[in-house]
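# Coordinates for the following, if possible.
(one chain, ligands or ions: 2)
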Amino acid sequence: MREQFHLFDLHVHTPFSDAQYPLDTIVEGLIDNGIKIVGFADHVFPFAMYHNPKRFGDRRRFNNGYSVDLLRYRKEFFRIYNKKFPKIRFLHSAEVDINPRGQLTLPRGITPDFFDYLLVVKHQTFPTFPRGTHEFMWEAGIYKAFVDYRPDVLAHPHENFPKHLPVEKMKRLVLYATKYGVALELNKNKFDEARLKPLLECGHEHGTKFSLCSDFHGFKKDIIDELNYSQHMFEIVERYDLDLLDPRKFLPENRSSSTRRPLQGADRG
Ligand SMILES: [Zn+2]
Ligand SMILES: [Zn+2]
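Ligands and ions are numbered 1, 2, ... in the order given. Below is the predicted model:
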């Protein structure tokens, strides 16, 4: 087993989307669990509306996760609020959808390099494609996004697998992720180790990067345990001898200008 930095969690929801607890409770819980780097990844897609009157007062009864104004405010908020918690580093990201055409659901004015790292996900199935093409469109959308945006992490790949995904296609996902430098997220929610075995073994074989997370919302009974789901998943890393991404490269002091992603569409006609 190689030495790896694993005390991180790159997918945590906050009251800016649908987390059920105040940010202080979440951050203190993460610190208690020994987490050193947390990445906040609230939902960004059109109509990502969240009702949080208690947490933001009457003036912000609804958070619109797709608003440029809110996204800029949120970024600045995390940067400043981190000063209250010197034991943990905050990274600023979002859970950005890949639409069926392989485009990211970012509002106009927000580009992928707005975030400390780019975390993408395949939730969206609108607009829909003809029956029987789901499996093909799932793959096509993800790979187009890999090529066009070079995301840092693909969130919970397994949660949105087509129903009968053949092993060869699961392996193809691993190969594409490796080729484009996208880390596959290990996410405990609906994680079926038996089904994912080929993916994990293939990832081990090819040195694919994996990411850890809790995908915390606060929906479970024991929130301290839920906040520790990233470290539950470290058991999988050890069992399959997987390579983790190193989130320290996303800290502002370690990001060189040469590693920045090109702006969306910048070099395409
Ligand atoms: Zn998700
Ligand atoms: Zn999530």
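
# Select the helix or strand of the chain having the lowest average pLDDT value.
helix 53-56 (a mean of 58; mean pLDDT, DSSP states H and E).

# average pLDDT across the next helix or strand after that one?
Next in sequence after helix 53-56, counting helices and strands by DSSP states H and E, comes strand 62-64. Averaging pLDDT along strand 62-64 yields 79.

# Okay, now the sheet partners of strand 62-64, with direction.
Paired strands of strand 62-64, with direction, are strand 49-51 (antiparallel) (DSSP bridges).

# Using neighbour counts, pick out the buried residues of the partner strand.
Tyr50 (16 or more other CB atoms under 10 Å). C-betas here are computed from N, CA, C, even on glycine.

# Please apply the same query to stretch 23-42.
Under the neighbour-count criterion of 16+ other CB under 10 Å, stretch 23-42 has 23, 26-31, 33, 35-42 buried.

# what's the offset of that stretch from the middle of its chain?
Chain-centre distance of stretch 23-42: 15 Å, with CA atoms, centre = their mean, to the nearest Å.

# what about that stretch, near ligand 2?
No. Using CB under 5 Å from the ion, stretch 23-42 stays clear of ligand 2, coming no nearer than 6.1 Å.

# Can you give me the end-to-end span of that stretch?
End-to-end distance for stretch 23-42: 12 Å, by CA to CA, to the nearest Å.

# Please apply the same query to stretch 111-118.
End-to-end distance of stretch 111-118 (CA to CA): 10 Å.

# buried stuff in it?
Neighbour counts over stretch 111-118 (16+ other CB under 10 Å) mark 111-112, 114-118 as buried.

# next one: stretch 2-13
Within stretch 2-13, the residues scored as buried using 16+ other CB under 10 Å are 6-13.

# Return the alpha-carbon coordinates of the longest helix along the chain using PDB.
Longest helix of the chain, by residue count under DSSP state H: helix 134-149. The C-alpha coordinates for helix 134-149 follow below in PDB (Å, rounded to 0.1, in the frame of the first residue of the first chain):
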ATOM      1  CA  HIS A 134     -30.000   5.800 -23.000                       C
ATOM      2  CA  GLU A 135     -26.900   3.700 -22.700                       C
ATOM      3  CA  PHE A 136     -25.300   5.200 -25.700                       C
ATOM      4  CA  MET A 137     -26.200   8.800 -24.800                       C
ATOM      5  CA  TRP A 138     -24.900   8.300 -21.200                       C
ATOM      6  CA  GLU A 139     -21.500   7.400 -22.600                       C
ATOM      7  CA  ALA A 140     -21.500  10.000 -25.400                       C
ATOM      8  CA  GLY A 141     -22.400  12.800 -23.000                       C
ATOM      9  CA  ILE A 142     -19.800  11.900 -20.400                       C
ATOM     10  CA  TYR A 143     -17.000  11.500 -22.900                       C
ATOM     11  CA  LYS A 144     -17.800  14.700 -24.700                       C
ATOM     12  CA  ALA A 145     -17.600  16.500 -21.400                       C
ATOM     13  CA  PHE A 146     -14.200  14.800 -20.600                       C
ATOM     14  CA  VAL A 147     -12.800  16.000 -23.900                       C
ATOM     15  CA  ASP A 148     -14.300  19.500 -23.800                       C
ATOM     16  CA  TYR A 149     -13.800  20.400 -20.200                       C
END
